[in-house]
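1. What follows is a predicted protein model with its sequence.
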Amino acid sequence: MSKGVTRLIKNLSHRNVSVRRSAAEALSNADERAVYPLMRALRDVNPGVQDAAMRALISIGGEVTAYMVLPLLRDEACLRNMAMIILKDIGRDAVPLLRSLFRDKDDDVRKFAVDLLSDIGYCDYPEKITHILQSDPNINVRASAAKAIGLLHYKDAVPELIAALKDKEWVCFSALESLALIKDEAAVEPILSLLDSPFDSLRFAAIEALGRIGSDSSSNPLIAHLHKTAGFEKKVTIRSLIQIGITPSMSKISDVLLEMFTNSDDWDEKFIALKGLIGLKEDRAIYHIIDFAGSLDPSNPENEEKLHIIKELLCNSECSDSLIGILSDPTIRYRGRQIAIEVLGDQKCRKAIPHLLNMCENKFGSIRRAAITALGAMNEKDFQQTFIDTIEDHDGHVRREAVSALGKIGDKTAIQSILKILHVEKYRDVLEEAVRSVLTIDSSVLLPHLHEFNNIVKEIIAKCSHDLDILLFLSREEDVRIRASALLGLGKVRNEDSYNRLKEAIYDEEPEIRRATVQAMGELNCCHNEITSALKDQDMQVRLYAVHAFGRSSQKDTIHILIPMLSDKEIPVVLSAIDAISQFGGEKSLGALHTLLNHAEGVVREKAQQAIDSCMSLAPTD
């Protein structure tokens, strides 16, 4: 045993708690020789030392550790619990050892063994667990066996699980849970027989299991049972019917679902009722669903998720007169009407069009915005004039949606109206949408007007456009941000004119321009000589982007060009060079990286070692 491990084991008995805890933590990297001392440390009076010892044993792991920990299952409660955690985390290595515990005289030990197999989620002798279910004298052990069979998904034991439905109530519960997990059709009839049980809890468990199995053959018996029940049992039955899949022939339960949705304060219950009502196409529920959705504050993350679920369910249903009627119902709060409009738009509900057009005149901006968005989703040229009129709305959000809708329609007759916005609009998001719309309809229209726009609009055009002529024009603007954005855009256009403009711009006096140019060259994987010259640029970021560009290059001599960058005076450049060089692998990469293991900066040494490890896994390319 090494002196270091010997010292750590000795420190497990140190009078200072911190020393004992640190020693236990450090031994997590030791081998099986540290297992016994760590097991003794589990009995330390300090919980911190106990916890550190437990985690160290988990880290060491293996069958030897599991074997030595196994006897602790018979010890006092605290040690027993720690042993359970250790064995569970050791996992599959512990599984062969647990089999021997099935014959233990102690009921608790047999139960612990079965429970551990459930927690580990693996067992290569599940038939032995089935035997326990059939023959163990202890009810708790049999219940654990029944549960384990389901968690291990051992389908061959379905007959034994069905037989266990006649066992004691506690075993029956576990058997039902497992049958629900396995979802075998053969279990449906035996479970249905439990609907006549005199025990409420057993009937509830049987109903829930039928819902989770999801077999159509249990639908009619559950509907029949529905008429015999009341209160909580009725709700449980409805929940299971919904899980199976309610059909219109089950419409008699819509009143129950509607009552459940409107009167329950529990979201889970509301959700079950909501799914059922929409599945039944129950128009009476639309008002209540929208009214509830409108009452939710969307700024609350939980409510945001609920709203998403409600809208998604409604969107998957049919466009209904009840939903359209919400738009003109004065008793529905405006947020509810907004949700109804959004759903109608997602449904592309054409019969709602006249009502949506009316909503474009609503006093609430959010309603107008939702109506324009809904109409835009239908992508109809007939609404173009409405959108053109709306781009003068006093609400910027509404203007943005109107401009977006015009872009989707794609009619060139709308371009002049959109161009006017580019001269007067104050909000950047509206300008961006207007630029995208013009570019979508006909990008060539912008070129003759470029000199008319202010710098903000020009910069947006430079960022959004892929048009070569526009980008070349804007790449010579006086404003540095416009030039930089246009040059970055040229990185998306493979053309000789793009290459020539970038080769010229790499020598611009503005560092920001050179940075954008190198990034564009990297995107195009072009201009090898110019990127090479950028590696000597005075600006650190230009050099950084040049290294990045070479890192994605397929040039054969790239590694020779990058190696000198490992000596750059700026650490970010060195780190990027390490990343780039490590991708090539081979002896040259390894040799260059090894020189950094004595670098003055720790972050460079660490990065170099990681890169060397990575290179070792690559096939040599030299």
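-> Now that the structure is in, tell me what you want to look at.

2. Does Gly551 touch Phe584 like I think?
-> No - if you go by C-beta atoms under 8 Å, Gly551 and Phe584 don't touch, sitting 9.5 Å apart. From N, CA and C alone the C-beta is placed, and that goes for glycine too.

3. Can you report how many residues lie near Asn16?
-> 9 (other C-beta atoms under 10 Å).

4. so what's the nearest residue to Asn316 once chain neighbours are set aside up against?
-> Leaving aside its sequence neighbours, Asn316 sits nearest to Ile278 (C-beta to C-beta, 6 or more residues apart in numbering; 7.6 Å). Listed by C-beta atoms under 8 Å, 6 or more residues apart in numbering, the contact set of Ile278 reads 285, 289, 313-314, 316-317.

5. same deal with Glu63?
-> Taking C-beta under 8 Å, 6+ apart, one finds 93-94, 96-97 in contact with Glu63.

6. helix or strand for the most centrally placed residue in the chain, which one?
-> Closest residue to the average C-alpha location of the chain: Glu305 at 13.8 Å, with C-alpha atoms, centre = their mean. Following DSSP states H and E, one finds Glu305 within helix 301-315.

7. name the helices or strands packed onto the helix or strand following that helix?
-> As assigned by DSSP H and E, the chain's next helix or strand after helix 301-315 is helix 321-325. Helix 321-325 is packed against helix 284-295, helix 334-347, with contacts defined by 3 or more C-beta pairs under 8 Å, 6 or more residues apart in numbering; DSSP states H and E.

8. where's the longest one relative to the chain centroid, distance-wise?
-> This means helix 334-347. Remark: helix 334-347 is offset 26 Å from the chain centroid, using C-alpha atoms, centre = their mean, to the nearest Å.

9. so where is this protein shaky, pLDDT-wise?
-> Low-confidence segments of the chain (pLDDT under 70): 1-3, 246-252, 554-556, 617-622.

10. domain parsing for it?
-> When the chain is parsed with automatic domain parsing, its domains come out as 473-555, 558-622.

11. just the ones you listed: most buried one?
-> domain 473-555 (a mean of 19; mean count of other C-beta atoms under 10 Å).

12. out of the helices and strands packed on helix 321-325, deepest packed?
-> Per stretch, and counting mean count of other C-beta under 10 Å, the top mean among the helices and strands packed on helix 321-325 goes to helix 334-347, which has a mean of 23.

13. ok, then the element right after that one?
-> Defined by DSSP H and E, the subsequent element after helix 334-347 is helix 353-359.

14. Flag every buried residue along that following helix.
-> Buried residues in helix 353-359, counting neighbours by 16 or more other C-beta atoms under 10 Å, are found at 353, 355-356, 359.

15. what helices or strands is it leaning on?
-> Partner elements for helix 353-359 (3+ C-beta pairs under 8 Å, 6+ apart): helix 334-347, helix 365-377.

16. is it possible to export the ones you listed to JSON lines including distance to Leu202?
-> JSON lines is the format used below for those (distance: least, C-beta to C-beta, whole Å):
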{"stretch": "helix 334-347", "distance to Leu202": "42"}
{"stretch": "helix 365-377", "distance to Leu202": "50"}
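
17. Look at Glu444 and say how many residues are nearby.
-> Slight slip there: residue 444 is Ser, not Glu. 11.

18. how close does it sit to Asn454?
-> Using C-beta to C-beta, to the nearest Å, Ser444 is found at 21 Å from Asn454.

19. Could you do Gly121 as well?
-> 63 Å.

20. Now that Ile9 has come up, it's in contact with Met39, right?
-> No - at 11.7 Å, Ile9 does not count as touching Met39 under the criterion of C-beta under 8 Å.

21. what's near enough to touch Ala402?
-> Listed by C-beta under 8 Å, 6+ apart, the contact set of Ala402 reads 372, 376, 387-388, 390-391, 393.

22. Next, format those residues as JSON lines and append neighbour count, distance to His131 and secondary structure.
-> What follows is the contacts of Ala402, written out as JSON lines (neighbours: other C-beta atoms under 10 Å; distance: C-beta to C-beta, whole Å; DSSP: H, G, I helix; E, B strand; the rest coil):
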{"residue": "Ile372", "neighbour count": "30", "distance to His131": "69", "secondary structure": "helix"}
{"residue": "Gly376", "neighbour count": "22", "distance to His131": "66", "secondary structure": "helix"}
{"residue": "Phe387", "neighbour count": "25", "distance to His131": "73", "secondary structure": "helix"}
{"residue": "Ile388", "neighbour count": "19", "distance to His131": "78", "secondary structure": "helix"}
{"residue": "Thr390", "neighbour count": "24", "distance to His131": "74", "secondary structure": "helix"}
{"residue": "Ile391", "neighbour count": "23", "distance to His131": "76", "secondary structure": "coil"}
{"residue": "Asp393", "neighbour count": "18", "distance to His131": "75", "secondary structure": "coil"}
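
23. List just the nearest of those residues to Arg239.
-> The nearest member of the contacts of Ala402 to Arg239, counting by C-beta to C-beta, is Gly376 at 38.9 Å.

24. What residues does the closest one make contact with?
-> 345, 383, 387, 401-402, 404-405, 408.

25. same thing with Asn29?
-> Neighbour list for Asn29: Ser59 [criterion: C-beta under 8 Å, 6+ apart].

26. mind checking how far it is from His288?
-> Applying C-beta to C-beta, the value for Asn29 to His288 is 61 Å.

27. Could you do Lys569 as well?
-> The value you get for Lys569 to His288, if C-beta to C-beta is used, is 69 Å.

28. So which elements touch the helix or strand hosting Glu459?
-> Assessed by DSSP H and E, Glu459 sits inside helix 455-464. With contacts defined as 3+ C-beta pairs under 8 Å, 6+ apart, helix 455-464 has these neighbours: helix 428-442, helix 468-474, helix 480-490.

29. can those helices go into CSV with extra columns for distance to Met54?
-> As requested, the helices and strands packed on helix 455-464 are arranged in CSV below (distance: least, C-beta to C-beta, whole Å):
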stretch, distance to Met54
helix 428-442, 54
helix 468-474, 62
helix 480-490, 54
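
30. Look at Leu176 and say how many residues are nearby.
-> By other C-beta under 10 Å, 29 other residues sit near Leu176.

31. Is it correct that Gly91 is in contact with Tyr122?
-> Yes - Gly91 lies in contact with Tyr122 (C-beta under 8 Å); the separation is 7.4 Å.

32. Looking only at neighbour counts, state which of the two leads.
-> Taking neighbours as other C-beta under 10 Å, Gly91 and Tyr122 compare with Gly91 leading, 16 against 13.

33. can you tell me the helix or strand for the nearest residue to Ser240 once chain neighbours are set aside?
-> Of all residues not flanking Ser240 in the chain, Gly211 sits nearest, at 2.7 Å (C-beta to C-beta, 6+ apart). Assigned by DSSP H and E, Gly211 belongs to helix 200-213.

34. Run through who's touching that helix.
-> Contacts with helix 200-213, where a contact means C-beta under 8 Å, 6+ apart, come from 169, 172-173, 176-177, 179-181, 183-185, 187-188, 191-192, 194-195, 197, 218, 222, 225, 232-233, 236-237, 239-244.

35. Just the buried residues of the residues you listed.
-> The neighbour count (16+ other C-beta under 10 Å) marks 172-173, 176-177, 179-181, 183-184, 187-188, 191-192, 194-195, 197, 218, 222, 225, 233, 236-237, 239-244 as buried among the contacts of helix 200-213.
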